[in-house]
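1. next one to model:
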Amino acid sequence: MKPPSLIKGSSFTDSRGILYYNNTFDSSAIKRIYIIQNSSVNVIRAWQGHPNEGKCFIPITGKFLLCWVKIDDFDNPSEILKAESLILDASKKKIIEIPKGYANGLKALEPDSEVMVFSEFSLEDSLLDKIRFHSDLWFNWKEYD
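-> This next block holds a predicted model:
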């Protein structure tokens, strides 16, 4: 199983404006696209685990804290797993790929932030694959209040 990976984008600027692109992102496995905008910076969307579904996240506006943790046992995960995190900043246009076998969580760091999610599964298949875990596990979200 591959680990999460960061895919850096780039841009081209001329008199017409800026074109942001990511020519190294392979979107061939994508089945569904959606956008998340939390109602406030106090909302934590965590943890959504996916034994078989991979997802990619790209910030559209603002900033999000994105966390992920490799799940050792989806039926009874250890409470001492170590989550990793990064800040998704819309001005950077980076994509983070979270492969299957992980749980992820999000917290907006600025009001009206939006993140686009690319999923390898249809909605129906994703709902069958999703396992929720309590947000207090694996990461101290309060450090980002």
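
2. does the spatially most central residue of the chain sit in a helix, a strand or a coil?
-> Nearest to the mean C-alpha position of the chain, counting by CA atoms, centre = their mean, stands residue 57 at 4.3 Å. Three-state call for residue 57 (DSSP: H, G, I helix; E, B strand; the rest coil): strand.

3. my read: it touches residue 95, true?
-> Yes - in this structure, residue 57 is within contact of residue 95 by CB atoms under 8 Å, at 7.0 Å. For glycine as for every other residue, the C-beta is placed from the backbone atoms N, C-alpha and C.

4. and stretch 109-122, how far apart are its ends?
-> Counting by CA to CA, to the nearest Å, you get 28 Å between the two ends of stretch 109-122.

5. list the buried ones in that stretch?
-> Along stretch 109-122, these residues count as buried under the neighbour rule (16 or more other CB atoms under 10 Å): 113-115, 117-121.

6. residues making contact with it?
-> For stretch 109-122, the surrounding residues in contact (CB atoms under 8 Å, 6 or more residues apart in numbering) are 27, 29-38, 40-41, 52-66, 87-88, 90, 100, 106, 126, 129, 144.

7. tell me who's in contact with the residue nearest to the centre of the chain.
-> 64, 66, 88, 95-96, 98, 104, 106, 115-118.

8. quick check, nearest of those residues to residue 23?
-> Taking CB to CB as the measure, residue 23 lies nearest residue 95 of those, at 11.5 Å.

9. and that closest one, how many neighbours?
-> Neighbours of residue 95 under the rule other CB atoms under 10 Å: 20.

10. for it, what are phi and psi?
-> According to degrees, to the nearest 10, the main-chain angles of residue 95 amount to phi -110, psi 130.

11. okay, helices next: where are they in the protein?
-> Here the chain has its helices, by DSSP state H, at 123-129.

12. how far is stretch 5-20 from where the chain is centred?
-> Put simply, stretch 5-20 sits 21 Å off its chain's centre (CA atoms, centre = their mean, to the nearest Å).
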